[in-house]
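Q: got a predicted structure here, sequence first:
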Amino acid sequence: MKNNRKWPAVYLALIFIILYAPIFYLIFYSFNSGGTMYQFEGFTLDWYRELFADTRLLIIVLNTVIIALLSAAISTIIGVAGALAIAYARKRRVKNTLLSLNNVLIVSPDVIIGASFLILFTMIGLKLGFVSVLLAHIAFSVPIVVLMVLPKIEEMNTSMIYAAMDLGASRLDVLTKVILPYITPGIFAGFFMALTYSLDDFAVTFFVTGNGFTTLSVEIYSLARRGVSLNINALSALLFLFTIILVTGYYFITKRNEKPNGMGVRQ
Amino acid sequence: MKKLIQALAAVLIVSFALLYIVSGLNSSQGYTSGNTLTIFNWGDYIDADLVDKFEQETGIKVIYETFDSNEAMMTKIEQGGTAYDIAVPSEYAIEKMKEENLLLPVDHSKIPNLKYIDPRFMDLPFDPENEFSIPYFWGTVGILYNTDILGDKKITSWNDLWDPELKNQILLIDGAREVMGMGLNSLHYSLNDKNKDHLIEAKEKLDRLTPNIKAIVGDEIRMLMENDEAGIGVVWSGTAQELMWEKDNLEYVVPEEGSNLWFDNMVIPKTAQNPEAAHQFMNFILDPENAAQNTEYVGYSTPNKEALKYMDEETISDERFYPDEEMTARLEVYENLGKRMLAYYNELFLEFKMHKK
């Protein structure tokens, strides 16, 4: 019995090591005074200093975060509405069609989405920049949110809605006091999924950036020809730390709020 | 519900706070003022101090954007949306952009510093009389080898690569022109050869190289050579130089049969909003002292003859990166082969890639 429990743990540990090793390797060399990724010469914080002195890079990082937060928030709102519409579509055929259309957007290659957005935006005369990137990110995040929220809605017992209506709840009450609280975990999952998608997207973003507005992924990709400098390592280390803090914070918040709520109805 | 609204409010507050910070940073950098110059360049391909210096000298604010491939850059310029005033494509891309009418002619009278450019690098087949482009950096394709792995073995020519002792040691760039060019050059044919018999001969010769080839890769070649994974890499001189700065056990050689000469040139896209500033910037970069500073930073070879005077003696006397006239005479610039011929090159290259060891 004991043996049975050991091996999964070893396996899991191994997987985590493989997943995290490159990140720690990267972080390790961000402290290298040697300037390269293969010979550790000595400890230095120069790369971090250089990073903070580089205003252009700082602006790019902040742009990236703003776009990620805003696009995730907006696409979550749209996505939840969309998921509700799909879930409560009357006709089965309509529902399936909508769902398939949603899935097509998820599987279609980024490059194609990016190029089509570029053509669309330039055709309608929208200046490339903050707005175009935001719109593109919202567009590719919505289907993801829909997919994250939909199972949560479907798993909900419809009799809860009928019960609420029998007790005199209006449609709005049903939505805000029954459905939304119940699917909250799905909404948060969708939000965070959209956030990560937006943070690391290169292909779509490349096509729609312009007029001095750019994001981190585009900037780092363009360094490939000349090799990535170690201040990017430093930046990655900071972002990694930031994400860790965020995730831990989120964990403690959800833990604190965790109350026995079998029915999922609150307030 | 309350939780959701709280979360949404938090996200919005954070984003707007960040937006406020960014707009503050932007205006402190002057990016919002009217007189701007938008440059579209490869990542990390200019000394940022020079951009600051240009801004101070002229009062023009520079918006600097980067791209990672000629093709991606062309797509964005073609579609418009952003008005780039300067772009820095490679030679074959310039040819294509010319064909598609994406460029504005360069007014040489506004660039007096053009006289400092070595005449060897002017008036080349991809842009006769430099009507549309001004040289920025140049280099070669050659052999980078690891002296720790190869020992005393001397590499001087393409034909050395066929040595059976080099089994499983060679890394090639995944590019049809580069690899086919190497095959053609090793047979003393031109890189731009359009004779099908010659091409097939070159492809068959390349097939015999397969036992020595470890991999055909892209940008990873840099990392693989850095980690001593292979004895030989066929690379661009820019890549070679950077690696050699970092590692003492690497050597670079331009093969004696000849090789490719490549260029990255500055151009003014048709959509430019501020061609005046673009000319000013070109002139600024061609200033010998600025060119020298930029070259020291980027590390590729400068076409600026006068700039060499301001540079390290050691760098410019390095024949591997500043080959003499005799050597450059044997180097060739890629010519536009035409669609069908290029497709044939690609086809042969694909066949070569599929050839079994």
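A: Thanks, I have it. Fair warning: this is a prediction, and the values are worked out from it, not measured in the lab.
Q: show me where the stretch 251-357 of chain B dips below the pLDDT cut-off.
A: B:356-357 (pLDDT under 70).
Q: near chain A, which residues of it?
A: Residues of the stretch 251-357 of chain B lying close to chain A (Cβ under 8 Å from any Cβ of the partner chain) are residue B:298. In this view, the C-beta of every residue, glycine as well, is placed from N, C-alpha and C.
Q: in the stretch 251-357 of chain B, which residue sits nearest chain A?
A: residue B:298 (7.6 Å; Cβ to the nearest Cβ).
Q: leaving out the residues flanking it, which one is nearest to that residue?
A: residue B:45 (6.1 Å; Cβ to Cβ, 6 or more residues apart in numbering or on different chains).
Q: so does the top helix by length along chain A get close to chain B?
A: Using DSSP state H, we find that the single longest helix of chain A is helix A:55-87. Yes. Helix A:55-87 is in contact with chain B by Cβ under 8 Å from any Cβ, via A:55-56, A:58-59, A:62-63, A:65-66, A:69-70, A:72-73, A:77.
Q: export those residues to CSV and tack on neighbour count and distance to residue A:241?
A: As requested, the residues of helix A:55-87 next to chain B are exported to CSV (neighbours: other Cβ atoms under 10 Å in any protein chain shown; distance: Cβ to Cβ, whole Å):
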residue, neighbour count, distance to residue A:241
A:55, 12, 21
A:56, 17, 22
A:58, 16, 16
A:59, 20, 20
A:62, 17, 17
A:63, 23, 20
A:65, 21, 14
A:66, 22, 19
A:69, 23, 18
A:70, 22, 23
A:72, 28, 20
A:73, 23, 23
A:77, 17, 30
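Q: closest to residue B:108 among these?
A: Using Cβ to Cβ, residue A:56 comes nearest to residue B:108 of the residues of helix A:55-87 next to chain B, at 31.7 Å.
Q: local confidence estimate at residue 75?
A: In the absence of a named chain, this looks at chain A. pLDDT recorded at residue A:75 is 95.
Q: wrong chain, I was asking about chain B
A: So, for residue B:75, pLDDT stands at 83.
Q: any idea how far chain A is from it?
A: Distance, residue B:75 to chain A, by Cβ to the nearest Cβ, to the nearest Å: 7 Å.
Q: what's near enough to touch that residue?
A: A:115, A:118, A:207 (Cβ atoms under 8 Å, 6 or more residues apart in numbering or on different chains).
Q: so which residues of the stretch 1-150 of chain B form helices?
A: Assigned by DSSP state H, counting those that start in this stretch, the stretch 1-150 of chain B shows helices spanning B:2-29, B:48-58, B:70-79, B:91-99, B:147-150.
Q: can you mark which positions in the third one are buried?
A: Spelled out, that is helix B:70-79. Across helix B:70-79, burial judged by 16 or more other Cβ atoms under 10 Å in any protein chain shown covers B:70, B:72-79.
Q: after the longest helix of chain A, which helix or strand is next? Please name it.
A: Next in sequence after helix A:55-87, counting helices and strands by DSSP states H and E, comes helix A:92-107.
Q: only C-alpha atoms, please: export that next one in CSV.
A: Presented in CSV, the C-alpha positions along helix A:92-107 are these (Å, rounded to 0.1, in the frame of the first residue of the first chain):
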residue,chain,number,x,y,z
ARG,A,92,-30.4,22.0,-29.9
ARG,A,93,-29.2,22.8,-33.4
VAL,A,94,-28.6,26.4,-32.6
LYS,A,95,-26.8,25.5,-29.5
ASN,A,96,-24.5,23.0,-31.3
THR,A,97,-23.8,25.5,-34.1
LEU,A,98,-22.9,28.2,-31.7
LEU,A,99,-20.6,25.9,-29.8
SER,A,100,-18.9,24.7,-32.9
LEU,A,101,-18.4,28.3,-34.1
ASN,A,102,-16.8,29.0,-30.7
ASN,A,103,-14.5,26.0,-31.0
VAL,A,104,-13.4,26.9,-34.5
LEU,A,105,-12.0,30.1,-33.1
ILE,A,106,-10.1,28.2,-30.5
VAL,A,107,-8.4,25.8,-32.9
